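S.K.: quick one: sequence and predicted model below, then my questions.
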Amino acid sequence: MNGEMAMAVRRYDEEILNKLLDKYENSLLYTGENRRRQNIGVSVTRELLPEYFDEASGWYEVIHAQLMEAEEKGFLRLAWKNRRVGHILERCVLCPEKADEIYVFLHRHPKMEKENTIIHICDDFAGRHPVIDSFLDWVRDRLGEKKSVRQYLDMDHPEEFRERIRLMEAILTNTEEVFWREFSVRFRKDSKAAEKEIITAAGIIARFSEDEGLRELEPEQVLEEFGIYKNPSWVMMKGCGRFRMRKGEAESWLPLESFPGGIGLSSEDIADVNWDKTHLPKQVVTIENLTSFHRFSAQETLAIYLGGYHNKVKRSFLIQLYESCKNENVTFIHFGDIDCGGFQIWRDLREKTQIPFQTGWMDMETYLSHLQYGKALTAGDRERLKRMAQDPYFAKQWELFWMMLEKGVKIEQECVRHAAYKIWEIPAPVS
């Protein structure tokens, strides 16, 4: 072995011992549940040690020397081909009675010790928020069942786990509108470094929330629910209606009819909108997708773009608008995809605004007349539809849901255009 090789000697003994400990920690022997003698070993293969099989390199001599020294320490036993020591190594077997010494040698903490550290962190944050409690229960359960928690935490870096929970708590308890970068700086001085963590925390919040609507959201939308915006939030609208702003000196009414392509209001301004009750639309239609919003045109109708699931800003705007319209016979309608998501958005909109939204262009007639434009249901769609077809909240849609299951098709609202150019015939209100 030359000098350059000696300067760069890999610690094959440490690599093998770490692999053996990994297997040991995932065995019944480690938990004490296995009363029989169990061999914890790894076979020496090209996949495990490719250098060992390159005779010209001389690395096999280094590997032999390191592993034989580990054997002398009693850490492992070496199995040689045809029992010819120093010839061809076939297998390395852990000596579990030396496990404590091996942990010290490798400067490695036992898995059980790391698990206890994580459990203590869970205990520290218990009771802070229902979503956090749900997440921590999942972590405890996984550890108790000896399953991996790698999806959400690194057992070797418990402080990162602690910081992740703190970030979740900061998101869940945020009470003011703030932009990502501002929020990031509060959490960490390096806002760019914190952005990935914020997205991860938002994804955990969505998964472990009891709010089904929240579970449907992307991380960026989850953050918006708690007043944390990547960019200023805007409400886009067009059609019938006019308003003026309460602040400033402007007293003239702004008619939406003057802007056929629509206008946008910043989240900073919507609280100051004052609607003219003498010039209200006959119906307000919330529209799920941007293309459909741009294509939509109906007389005496105010159309509002939701962008999929609504956020706090858009709900505030709708509630304020409803307060101006509720005694004026204005009907509120939601127009979305004819799929699970579209109806869940409608439900979420009704529940979170307490506005009696009806569905528009999401009925059996529209569905059957647009089948040729549909997309195939996924296995996940089918499972959700079956559950929704038994949920009393969707009783008026049950027949449609079963038809969708029979046809195996869902309809995106972008292809539904024929009915949007006339005043929609208002059905009986959905209870």
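M.R.: Sure, I can see it.

S.K.: quick one: stretch 222-232 to chain centroid distance?
M.R.: How far stretch 222-232 lies from its chain's middle: 15 Å, per Cα atoms, centre = their mean, to the nearest Å.

S.K.: residues in contact with the longest helix along the chain?
M.R.: The longest helix of the chain (DSSP state H) is helix 191-208. The contact list for helix 191-208 (Cβ atoms under 8 Å, 6 or more residues apart in numbering) reads 131, 134-135, 138, 152, 163-164, 167-168, 171-172, 180-181, 183-185, 187-188, 214-217, 219-220, 222-223, 228. In this view, the C-beta of every residue, glycine as well, is placed from N, C-alpha and C.

S.K.: which of those are buried?
M.R.: Neighbour counting by 16 or more other Cβ atoms under 10 Å classes 131, 135, 138, 152, 163-164, 167-168, 171-172, 180, 183-184, 187, 214, 216-217, 219-220, 222-223, 228 among the contacts of helix 191-208 as buried.

S.K.: any low-confidence regions in the stretch 201-350 of the chain?
M.R.: The stretch 201-350 of the chain contains residues with pLDDT under 70 at 247-251, 308-309.

S.K.: now the helices for it?
M.R.: 212-215, 219-225, 290-295, 312-325, 340-353 (DSSP state H, counting those that start in this stretch).

S.K.: number of residues surrounding Arg46?
M.R.: By other Cβ atoms under 10 Å, the residues close to Arg46 number 10.

S.K.: dump the residue contacts of it.
M.R.: 52-53.

S.K.: what about stretch 133-146, distance to the chain center?
M.R.: Using Cα atoms, centre = their mean, the offset of stretch 133-146 from its chain centre is 18 Å.

S.K.: got the CA coordinates for that stretch in CSV?
M.R.: The C-alpha trace of stretch 133-146 is given here as CSV (Å, rounded to 0.1, in the frame of the first residue of the first chain):
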residue,chain,number,x,y,z
ASP,A,133,-50.5,16.6,19.9
SER,A,134,-51.7,14.6,16.9
PHE,A,135,-48.3,14.7,15.3
LEU,A,136,-46.5,13.8,18.6
ASP,A,137,-48.9,10.9,19.2
TRP,A,138,-47.9,9.6,15.8
VAL,A,139,-44.2,9.8,16.6
ARG,A,140,-44.7,8.0,20.0
ASP,A,141,-46.8,5.3,18.4
ARG,A,142,-44.3,4.7,15.6
LEU,A,143,-41.4,4.5,18.1
GLY,A,144,-43.4,2.2,20.3
GLU,A,145,-44.1,-0.1,17.3
LYS,A,146,-40.4,0.0,16.3
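
S.K.: most distant residue from the centre of the protein?
M.R.: Largest separation from the mean C-alpha position in the chain: Arg84, at 55.4 Å (Cα atoms, centre = their mean).

S.K.: for that one, give its distance to Ser43.
M.R.: Distance, Arg84 to Ser43, using Cβ to Cβ, to the nearest Å: 17 Å.

S.K.: give me the pLDDT for the residue farthest from the centre of the chain.
M.R.: Per-residue confidence (pLDDT) for Arg84: 90.

S.K.: also Ile426?
M.R.: 44.

S.K.: same thing with Glu177?
M.R.: pLDDT, Glu177: 80.

S.K.: that one contacts Ser266, doesn't it?
M.R.: No: counting by Cβ atoms under 8 Å, Glu177 stays clear of Ser266, with 10.7 Å between them.

S.K.: the two: which is more packed in?
M.R.: When Glu177 and Ser266 are compared on other Cβ under 10 Å, the one with more neighbours turns out to be Glu177, at 17 against 11.

S.K.: now do the phi/psi pair for the residue nearest to the more buried one when sequence neighbours are not counted.
M.R.: Nearest residue to Glu177, sequence neighbours excluded (Cβ to Cβ, 6 or more residues apart in numbering): Gly227, at 4.7 Å. Main-chain dihedrals, Gly227, degrees, to the nearest 10: phi 80, psi 20.

S.K.: quick one on the thing from earlier: any idea which of the helices of the stretch 201-350 of the chain gets closest to Glu399?
M.R.: Nearest of those to Glu399, taken as Cβ to Cβ: helix 340-353 at 13.2 Å.

S.K.: between the closest one and helix 312-325, how many degrees?
M.R.: Angle, helix 340-353 to helix 312-325, by axes from the mean of the first three to the mean of the last three Cα atoms, to 10 degrees: 60 degrees.

S.K.: for helix 340-353, buried residues please.
M.R.: By 16+ other Cβ under 10 Å, the buried positions in helix 340-353 come out as 340-350, 352-353.

S.K.: would you agree the residue nearest to Glu177 is in contact with Lys312?
M.R.: Yes: contact criterion Cβ under 8 Å: Gly227 and Lys312 qualify, at 6.3 Å.

S.K.: where do the strands sit along the stretch 301-431 of the chain?
M.R.: Applying DSSP state E, counting those that start in this stretch to the stretch 301-431 of the chain gives strands spanning 301-305, 331-335, 358-359, 375-376, 409-410.

S.K.: reformat those as a markdown table; add mean neighbour count and distance to Asn26.
M.R.: Shown next, in a markdown table, are those (neighbours: other Cβ atoms under 10 Å; distance: least, Cβ to Cβ, whole Å):
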| stretch | mean neighbour count | distance to Asn26 |
| --- | --- | --- |
| strand 301-305 | 23 | 51 |
| strand 331-335 | 23 | 50 |
| strand 358-359 | 20 | 51 |
| strand 375-376 | 12 | 40 |
| strand 409-410 | 20 | 42 |
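
S.K.: let me have those strands in CSV, extended by distance to Lys111.
M.R.: Output for the strands of the stretch 301-431 of the chain, formatted as CSV (distance: least, Cβ to Cβ, whole Å):
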stretch, distance to Lys111
strand 301-305, 51
strand 331-335, 51
strand 358-359, 52
strand 375-376, 45
strand 409-410, 45
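
S.K.: which one of the ones you listed lies nearest to Leu17?
M.R.: Using Cβ to Cβ, the nearest of these to Leu17 is strand 375-376, at 51.4 Å.

S.K.: and the contacts of the closest one?
M.R.: Residues outside strand 375-376 that contact it (Cβ under 8 Å, 6+ apart): 408-412.

S.K.: out of the residues you listed, which comes closest to Ser209?
M.R.: Minimum distance to Ser209 across those is 24.8 Å, recorded for Lys410 (Cβ to Cβ).

S.K.: can you name the residues bridging to the closest one?
M.R.: Lys375 (DSSP bridges).
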